[in-house]
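Colleague: can you look at this prediction? I've put the sequence above it.
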Amino acid sequence: MLDVEKIRADFPILSREVNGKPLVYLDNGASAQKPSVVIDAVTRGYAEEYANVHRGLHYLSNLATDKYEAVRGKVAQFLNAAHEDHIVFNTGTTMGINMIAYSWAMPRMQAGDEIVLSVMEHHANIVPWHFLRERLGVVLKWVETDATGALDPQKVIDAIGPKTKLVAITQVSNVLGTKVDVKTITSAAHEKDVPVLVDGSQAAVHMPVDVQDIGCDFYAITGHKLYGPSGSGAIYIKPERMAEMRPFLGGGDMINEVGRDVITYNTPPMKFEAGTPGIVQTIGLGAALDYLMDIGMDKIAAHEDALCAYASERLTGLNWLNVQGHAPGKAAIFSMTMSGGAHPHDISTILDKRGIAVRAGHHCAQPLMAHMGVSATARASFAMYNTKDEVDALVDGLELCNKLLG
Ligand code: PLP
């Protein structure tokens, strides 16, 4: 069992007050707080171990390079990738998916080709494909969730036609918490020779991930949601797909030799890492992954599942509150509206006065908002350090919202 009090003690910010009340941080879907091991790794990275990485011949450059490159293996271990060379560093999922759109998809797609998406994708897994729609005439095929917010994998599989060139799908919705059976989708897509990109930004935080078991071609993660620094991230890319990719950004370590009329590239994965990278951010991500792997993602998942069940029970007990999404086995992410039509921004502001941090808005998922018939929700998203007492604090705060706004 997870020792939540011990974990909370690792996160300095959790002991502060906000608006005179103990902080109840329920905005983890947007970004998670950082444990001391990450803060220390970042501080040490700048205070004692900083220099630019790769090609340096001095002590600090070699030290920073070793620390930075060691993180590739940690990401591979965290995602159970077969080799660290299957990992490309970046600044987060947005960067990762944009890179795949430019490096892999753009050179091999043409007008009329199709990309299958679910309606609950984050804009980071929509906008890069819109670019291809606008620039190449690629068609986006949308698969809808059912009334509970569940996504039937068969509906995704049925949407794959002879012109489909890619399925791009999230493993966990950042709005509904719905978990998607990406393994079933991937194996059916592969039978039709269609690669699959999984947006793992939310999933990798809440559950163990095994990219070899899923079998997907691309799996994107973002460091700041994984208790690591913002500006860190990585994408797993199957070697066959990596071999098909053209570099998207040019400069820095992605080259081998540059002449006036010729250029040769570094070998992958560095072929896809242009310019000075987020050195210390990536080292901080390594510290976060070590921390998570020490605790065990299965233990984190079990704690969050119990929290999710408790929060579901308490929130659905409020008959003036609409919780969007009840898919079985969902992650602990709750998007809410109030029957009286109170604006989610007002809900968030009232909760904030009680030290409770939630997010209000469209959560970068406007197609899903349109599908649900709402323009915004208030979202409480839980992490490994949250407790049942914090669920109770949220419910008390929502009751106050109902009194004031209902
Ligand atoms: N995909 C999902 C499901 C997300 O929740 C987010 C962030 O909220 C992203 C992608 C984008 O991540 P980032 O902004 O870190 O690149």
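Modeller: Yep, it's here.
Colleague: all helices of the stretch 301-406 of the chain, in order?
Modeller: The residue ranges that make up the helices of the stretch 301-406 of the chain, judged by DSSP state H, counting those that start in this stretch, are 344-353, 366-372, 388-405.
Colleague: to residue 146, which of those helices lies closest?
Modeller: helix 366-372 (10.7 Å; C-beta to C-beta). C-beta coordinates here come from the backbone N, C-alpha and C atoms, glycine included.
Colleague: pull out the buried positions in that closest one.
Modeller: By neighbour count on 16 or more other C-beta atoms under 10 Å, the buried set for helix 366-372 is 367, 368, 369, 371, 372.
Colleague: can you tell me which of the helices of the stretch 301-406 of the chain comes nearest to the ligand?
Modeller: Comparing the helices of the stretch 301-406 of the chain by their distance to the ligand (C-beta to the nearest ligand atom), the top pick is helix 366-372, with 10.7 Å.
Colleague: output that closest one as PDB, nothing but the C-alphas.
Modeller: C-alpha atoms of helix 366-372 as PDB (Å, rounded to 0.1, in the frame of the first residue of the first chain):
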ATOM      1  CA  GLN A 366     -12.900  21.800 -27.600                       C
ATOM      2  CA  PRO A 367     -14.200  18.900 -29.900                       C
ATOM      3  CA  LEU A 368     -15.000  17.000 -26.700                       C
ATOM      4  CA  MET A 369     -16.700  20.000 -25.100                       C
ATOM      5  CA  ALA A 370     -18.900  20.400 -28.300                       C
ATOM      6  CA  HIS A 371     -19.700  16.700 -28.200                       C
ATOM      7  CA  MET A 372     -20.800  17.000 -24.500                       C
END
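Colleague: now do that helix, average pLDDT.
Modeller: Helix 366-372 carries an average pLDDT of 96.
Colleague: what about that helix and the ligand, any contact?
Modeller: No - Helix 366-372 does not reach the ligand (C-beta under 6 Å from any ligand atom); its nearest approach is 10.7 Å.
Colleague: just checking the distance from that helix to the centre of its chain.
Modeller: In terms of C-alpha atoms, centre = their mean, to the nearest Å, the centre of helix 366-372 is found 19 Å from the chain centre.
Colleague: what of stretch 315-333?
Modeller: Taking the mean C-alpha point of stretch 315-333 and that of its whole chain, the gap between them comes to 21 Å (C-alpha atoms, centre = their mean).
Colleague: ends of it, how far apart?
Modeller: Stretch 315-333 stretches 12 Å from its first residue to its last (C-alpha to C-alpha, to the nearest Å).
Colleague: flag every buried residue along that stretch.
Modeller: So, applying 16+ other C-beta under 10 Å, buried residues of stretch 315-333: 315, 318, 321, 322, 323, 324, 325, 327, 330, 331, 332, 333.
Colleague: same check on stretch 375-385?
Modeller: Buried residues in stretch 375-385, defined by neighbour count with 16+ other C-beta under 10 Å: 376, 377, 378, 379, 380, 381, 382, 383, 384, 385.
Colleague: burial of the residue nearest to the first one when sequence neighbours are not counted, as a residue count?
Modeller: In this structure, residue 376 finds its nearest non-sequential neighbour in residue 344, 4.6 Å apart by C-beta to C-beta, 6 or more residues apart in numbering. Applying the criterion other C-beta atoms under 10 Å, we find 23 residues in the vicinity of residue 344.
Colleague: how about residue 31?
Modeller: Residues contacting residue 31 under the criterion other C-beta under 10 Å number 16.
Colleague: also residue 283?
Modeller: If you count neighbours by other C-beta under 10 Å, residue 283 ends up with 26.
Colleague: over to it: give its phi and psi.
Modeller: phi -60, psi -40 (degrees, to the nearest 10).
Colleague: how near is it to residue 191?
Modeller: When C-beta to C-beta, to the nearest Å is applied, the distance between residue 283 and residue 191 equals 41 Å.
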